[in-house]
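Student: what's the 3D shape of this:
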Amino acid sequence: MSQLLVGRYQEDGGWVGAISLGFDGQGKRQRIKRKAKTKAELKEKLIQVVAEREAGLKSSEGYTVASAVNDWLTKGLKGRDDMTITTNRILAEQHVIPLIGAAKLKELTADDVDDWLDGLTAKLATRTLTGVHSILKRSIRQAQARDKVLRNVAELVTTPKGKPGRPSKAMTFDQAMAVLEAAESYRLHGYVVVSLLVGIRTEEARALLWSHVVASHVRRAFKAITRKAGLGENWTPRELRHSFVSIMSDNGVPIENIADLVGHASSAVTEEVYRHQLKPVITKGAETMNTIFSQHNQAKSA
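Tutor: The predicted model follows:
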């Protein structure tokens with residue numbers, strides 16, 4: 001490294017050193033400077049610079065966690081829907097950048113990540129905590145791919161459990177009928193019908209081309225529908241899927257069939273996710289939700 005050292009001098013009570021990286025494609029000399037309080041510390045920093053260059057790293061001394069997160073928000077979400085982009089940006093700007101963003105990415109440790117996540121456990125539900133951890137992992141992963149850091153310390157940390165979230169609930173058959181009837185006068189009617197009768201996920205529903213429906217208005221409109229149906233406003237669109245599972249179970253549909261319908265790899269996953277909505281049943285054959293509701297309508301009109 002001594003052959004690369006092109007200057008070392010004192011400045012403002014400390015030491016400044018520079019190393020030569022040769023010439024760029026235009027013939028201009030490339031140099032990198034580092035500052036330190038002592039000669040020994042300066043030497044260590046310059047050695048680190050050389051090692052990083054030899055390893056192919058290209059990040060600057062000032063490349064922070066915030067830099068990596070912002071780069072990921074700009075480049076790593078291309079092609080994703082507007083709701084996903086907005087959600088990730090809000091989480092990043094509220095819980096990642098302000099709390100850990102100032103740390104230099106190359107100096108970030110697994111302990112730093114642990115401390116950051118532990119500090120959020122009393123504020124965020126486990127699902128949200130998993131989301132913010134994922135943002136950091138993906139941001140560093142992208143930085144790795146661009147030779148800005150050697151390893152992803154966020155991958156070495158297990159997401160802790162957050163505060164308990166609001167328990168999900170499911171509608172009874174009569175409540176579901178009331179919601180379907182109440183939804184008829186709303187633009188959200190098609191969304192409610194498909195979500196309840198097919199059991200699709202909210203992210204899958206967002207991908208459909210709903211005429212006159214703006215995803216940032218779905219939750220508000222759904223609360224209006226449940227209020228009109230006499231169920232109050234403490235409901236979310238994702239609970240239409242829970243209701244789908246519950247009503248299927250109540251009507252004797254085997255759990256294996258329900259697992260297929262909701263897109264789970266096995267019935268064990270269905271039992272774990274929807275254990276509050278499922279009732280133990282041992283029957284064969286299954287009719288769809290359309291048949292269940294059709295039979296009710298036929299009996300009502302008879």
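Student: in terms of contact count, name the helices or strands touching the host helix or strand of residue 190.
Tutor: Per DSSP states H and E: residue 190 is located in helix 189-198. Packing contacts for helix 189-198, counted by 3 or more Cβ pairs under 8 Å, 6 or more residues apart in numbering; DSSP states H and E, involve helix 173-183, helix 202-207, helix 218-228, helix 239-250, helix 289-301. All C-beta spots, glycine's among them, are computed from the backbone N, C-alpha and C.
Student: Tell me which of those sits nearest to residue 115.
Tutor: Among those, the nearest to residue 115 by Cβ to Cβ is helix 202-207 (31.3 Å).
Student: Looks to me like residue 8 is in a strand.
Tutor: Yes: the assignment for residue 8 (DSSP: H, G, I helix; E, B strand; the rest coil) places it in a strand.
Student: which stretches of this structure aren't confidently modelled?
Tutor: By pLDDT under 70, the low-scoring segments of the chain are 1-7, 21-25, 49-61, 203-204, 206-215, 263-292, 295-302.
Student: report the longest strand in it, please.
Tutor: The residue-count maximum for a strand in the chain (DSSP state E) belongs to strand 14-23.
Student: tell me which residues in the following helix or strand past it are buried?
Tutor: The first helix or strand that comes after strand 14-23 along the chain, using DSSP H and E, is strand 29-36. Residues of strand 29-36 classed as buried: 32, 34, 36 (neighbour count, 16 or more other Cβ atoms under 10 Å).
Student: So the last one sits against residue 42, correct?
Tutor: Yes: shown here, residue 36 and residue 42 form a contact pair, counting by Cβ atoms under 8 Å, at 3.8 Å.
Student: got any residues that touch both of the two?
Tutor: Contact with both residue 36 and residue 42 is made by residues 15, 17, according to Cβ atoms under 8 Å, 6 or more residues apart in numbering.
Student: ok, back up a step: make CSV from the buried residues of strand 29-36 and add distance to residue 242 to it.
Tutor: Putting these into CSV (distance: Cβ to Cβ, whole Å) gives the following:
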residue, distance to residue 242
32, 57
34, 57
36, 58
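Student: so where do the helices sit in the stretch 51-200 of the chain?
Tutor: 65-75, 82-91, 97-100, 110-118, 126-145, 173-183, 189-198 (DSSP state H, counting those that start in this stretch).
Student: Return the distance of the last one from the chain's centre.
Tutor: Think helix 189-198. Computed by Cα atoms, centre = their mean, to the nearest Å, the chain-centroid distance of helix 189-198 equals 25 Å.
Student: and the angle from it to helix 239-250?
Tutor: If you take axes from the mean of the first three to the mean of the last three Cα atoms, to 10 degrees, helix 189-198 sits at 30 degrees to helix 239-250.
Student: For the most centrally placed residue in the chain, give me its contacts.
Tutor: With distances taken as Cα atoms, centre = their mean, residue 131 lies nearest the centre of the chain, 3.6 Å away. Each residue near residue 131 by Cβ under 8 Å, 6+ apart is listed here: 87-88, 91.
Student: Just the buried ones out of the residues you listed, please.
Tutor: 88, 91.
Student: buried ones in stretch 118-128?
Tutor: Using 16+ other Cβ under 10 Å as the test for burial, stretch 118-128 gives 120, 124, 128.
Student: my bad, should have said stretch 79-96
Tutor: Buried residues in stretch 79-96 (16+ other Cβ under 10 Å): 88, 91-92, 95-96.
Student: Pick the most deeply packed of the helices and strands packed on helix 189-198.
Tutor: Most buried of the helices and strands packed on helix 189-198 by mean neighbour count (mean count of other Cβ atoms under 10 Å) is helix 239-250; its value is a mean of 23.
Student: Could you identify the helix or strand that succeeds it?
Tutor: Defined by DSSP H and E, the subsequent element after helix 239-250 is helix 255-262.
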